[in-house]
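Novice: okay, sequence plus prediction incoming.
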Amino acid sequence: MIRFVSGLFKLVLFAVILVFAVYNFEMVTLRFANVYEFNLPLAVLLFLVFILGLALGSTMSWVGKLSTKKSQ
């Protein structure tokens, strides 16, 4: 029963994210110090920022665990 509820929750979450991405596909301009300029769809930009956050958070967690192991 738990697996069913978990699967249903994941399916609903995926559907919400998919609808969000479809309705937010307007182009946005991302500028870095007026030197670089990128035109990306909003959904793609949000996905890239999410992935960057996951990568940075995982890296910082890994570095924290390494420093804790060294001090012990």
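Specialist: Cool, the structure landed.
Novice: okay, CA-based contacts and neighbour counts for the rest of this
Specialist: Fine.
Novice: in this protein, where is pLDDT below threshold?
Specialist: 69-72 (pLDDT under 70).
Novice: center of it, which residue is that?
Specialist: In the chain, the residue lying closest to the centroid (C-alpha atoms, centre = their mean) is Phe50, at 1.8 Å.
Novice: distance from the chain centre to the strand or helix carrying it, please.
Specialist: Using DSSP states H and E, Phe50 maps to helix 42-71. Distance, stretch centre to chain centre, for helix 42-71: 10 Å (C-alpha atoms, centre = their mean, to the nearest Å).
Novice: got the buried residues for the one helix or strand Gly7 maps to?
Specialist: Gly7 is part of helix 2-23 when elements are defined by DSSP H and E. Using 16 or more other C-alpha atoms under 10 Å as the test for burial, helix 2-23 gives Ala21.
Novice: can you name every helix or strand that it contacts?
Specialist: helix 42-71 (3 or more C-alpha pairs under 8 Å, 6 or more residues apart in numbering; DSSP states H and E).
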